[in-house]
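Chemist: Pasted the sequence and its predicted model underneath.
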Amino acid sequence: MNDFITFISSNLADFWSYTGFANATSQHLIMILVGLFFLFLAIKKNFEPMLLIPIGFGILIGNIPFKDAGLEIGLYEHGSVLNILYQGVKTGWYPPLIFLGIGAMTDFSSLISNPKLMLIGAAAQFGIFGAYMIALALGFEPNQAAGIAIIGGADGPTAIFLSSKLAPNLMGAIAVSAYSYMAMVPLIQPPIMKLLTTKKEKVIHMPSPRAVSHNEKVLFPIVGMLLTCFLVPSGIPLLGMLFFGNLLKESGMTRRLADTASGSLTDIITILLGVTVGASTQASEFLTMNTIFIFFLGLCAFVIASVSGVLFVKFMNLFLSEGNKVNPLIGNAGVSAVPMSSRISQNVGLEYDSSNYLLMHAMGPNVAGVIGSAVSAGVLLGFLM
């Protein structure tokens, strides 16, 4: 009888040693709370649920503590299912597929009809290079500084792509930071827009965009791909897929392919990318001083990008005639958070003039920001690889 009790006790003790309860640390609990906070923002506050629900739940998955006994269940354990799925993030092939879907969903008509709006998207990239210099000043290596700085583009896939090449050890923190700030665009940008613009500027009415022909829509992705990729060949994975997706949409001959790229394919990749990025935030890898610096620098980059876009429009207006001035409230849309930033331009504009519809105008710099962030990533990759 005693032997039986000893046998049961020994097995129960072994079982307990493998449970998450026995292996949990305060760091695991902190990260689980972070994951729950992300889910709260997504479900209760409607902050980009398509992004934050997969990432938040991935954080929970990645921070279930377990005994390291060769079970091959953790994200960083070679051969595990999560590790295999994570290869799409680590090797950088999820982001180009996301860009394919973005291209298939994007209408570049606003940009084609008013090409000067591209300059706003270019101006917003100052956030990337400003954060790059700050990161260097804080002691980060050039490769790491570039991976962190790309957060300023407000483009999660681009941040993942560049950091996977230049700073793979920081990729988890960079990816979570980039997606977090994308989700918090409605909180960060409106105060900046209101602070930097006058009442007169806020109510500027812009002329309606001209109609864009089918030929222009078809030529744009072809010419755009050739120009940008000849200029920055290292951006081919992102820019090539972006413009290819757009050509599938605008050609009118490949509707099924465009629907697949913008629908089911993008949804699948978003799920896999979000969950694995979230799961990569294991407490032992994520809770470091570098992570705090990355979140701080990411915020700096995002603020600089938003400020640069608004101030550039104000500067541009100095050279435009009265009837052709641009409303500075669309300057925030120079970041590539499509279409979130455009909706914010619209909402803030309506606060000051209920008849002033800025959405279509804001889409011009917004889609230019997508191109600009990919070009910036290509420039950094070309110089630092």
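Modeler: Perfect, I can see it now.
Chemist: now the helices for the stretch 251-385 of the chain?
Modeler: Here the stretch 251-385 of the chain has its helices, by DSSP state H, counting those that start in this stretch, at 255-260, 266-279, 283-286, 289-317, 340-352, 359-384.
Chemist: now the fifth one, how far from the centre of its chain.
Modeler: So that's helix 340-352. Chain-centre distance of helix 340-352: 20 Å, with CA atoms, centre = their mean, to the nearest Å.
Chemist: what's that helix in contact with?
Modeler: For helix 340-352, the external contacting residues (CB atoms under 8 Å, 6 or more residues apart in numbering) are 48, 154, 182, 185-186, 189-190, 193-194, 199, 202-203, 327, 329-330, 332-335, 356-359, 361-363, 366, 369. The way it works is simple: take the backbone N, C-alpha and C, and place the C-beta from them, glycine included.
Chemist: Make a PyMOL selection of the buried ones in these.
Modeler: Here is the PyMOL command that selects the buried residues among the contacts of helix 340-352 (16 or more other CB atoms under 10 Å):
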select buried, resi 48+154+182+185+186+189+190+193+202+327+329+330+332+333+334+335+356+358+359+361+362+363+366+369
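Chemist: Contacts only, for Ser110.
Modeler: Applying CB under 8 Å, 6+ apart, the residues contacting Ser110 are Leu117, Pro209, Met360, His361, Ala362, Met363, Gly364, Val367.
Chemist: ok, Val375 touching Thr228?
Modeler: Yes. Counting by CB atoms under 8 Å, Thr228 is a contact partner of Val375 at 5.9 Å.
Chemist: what do the two both touch?
Modeler: Gly235, Leu239.
Chemist: and Arg255, how many neighbours does it have?
Modeler: A count of nearby residues for Arg255, using other CB atoms under 10 Å, gives 11.
Chemist: and the gap between it and Ile102?
Modeler: Between Arg255 and Ile102 the computed distance is 17 Å (CB to CB, to the nearest Å).
Chemist: do the same with Ser355
Modeler: Separation of Ser355 from Ile102 (CB to CB) stands at 31 Å.
Chemist: how close does Lys202 sit to Ser234?
Modeler: Lys202 sits 39 Å away from Ser234, going by CB to CB.
Chemist: ugh, wrong one, I meant Gly92
Modeler: According to CB to CB, Gly92 and Ser234 sit 12 Å apart.
Chemist: show me what contacts Ile43?
Modeler: Contacts for Ile43 (CB under 8 Å, 6+ apart) come out as Pro49, Ile53.
Chemist: where's it relative to Met225, distance?
Modeler: 39 Å.
Chemist: Kindly report the same for Ala258.
Modeler: 16 Å.
Chemist: who has more neighbours, these two?
Modeler: Ala258 (23 against 20).
Chemist: how near is that one to Ile30?
Modeler: Counting by CB to CB, the gap from Ala258 to Ile30 is 43 Å.
Chemist: same question, Ser321
Modeler: In terms of CB to CB, Ser321 sits 56 Å off from Ile30.
Chemist: quick one: low-confidence ranges for this protein?
Modeler: 1, 69-70 (pLDDT under 70).
Chemist: centroid residue for it?
Modeler: Compute the mean C-alpha point of the chain, and by CA atoms, centre = their mean the closest residue is Gly156, 2.1 Å away.
Chemist: which residues touch that residue?
Modeler: By CB under 8 Å, 6+ apart, the neighbours of Gly156 are Leu51, Ala175, Ala178, Tyr179, Met182.
Chemist: Do I have it right that the first one meets Val176?
Modeler: No. Under the contact definition of CB under 8 Å, Leu51 does not touch Val176, with a separation of 10.5 Å.
Chemist: Tally up the residues packed near the closest residue to Phe47 other than its chain neighbours, please.
Modeler: Distances taken as CB to CB, 6 or more residues apart in numbering place Leu41 nearest to Phe47, at 4.2 Å, with adjacent residues excluded. Leu41 is flanked by 19 other residues according to other CB under 10 Å.
Chemist: Next one: Leu41 from Gly278, what distance?
Modeler: For Leu41, the distance to Gly278 - CB to CB - is 13 Å.
Chemist: Need the residues touching each of those two.
Modeler: Contacts common to Leu41 and Gly278, judged by CB under 8 Å, 6+ apart, are Gly56.
Chemist: Would you mind measuring the gap between the ends of stretch 103-122?
Modeler: Start-to-end span of stretch 103-122 (CA to CA, to the nearest Å) is 19 Å.
Chemist: and what of stretch 229-243?
Modeler: Stretch 229-243 stretches 11 Å from its first residue to its last (CA to CA).
Chemist: Can you tell me what sits against it?
Modeler: Outside stretch 229-243, the residues within contact range by CB under 8 Å, 6+ apart are 92, 95-97, 99-100, 102-103, 106, 157-158, 161, 221-222, 224-225, 228, 370-371, 374-375, 377-379, 381-382, 385.
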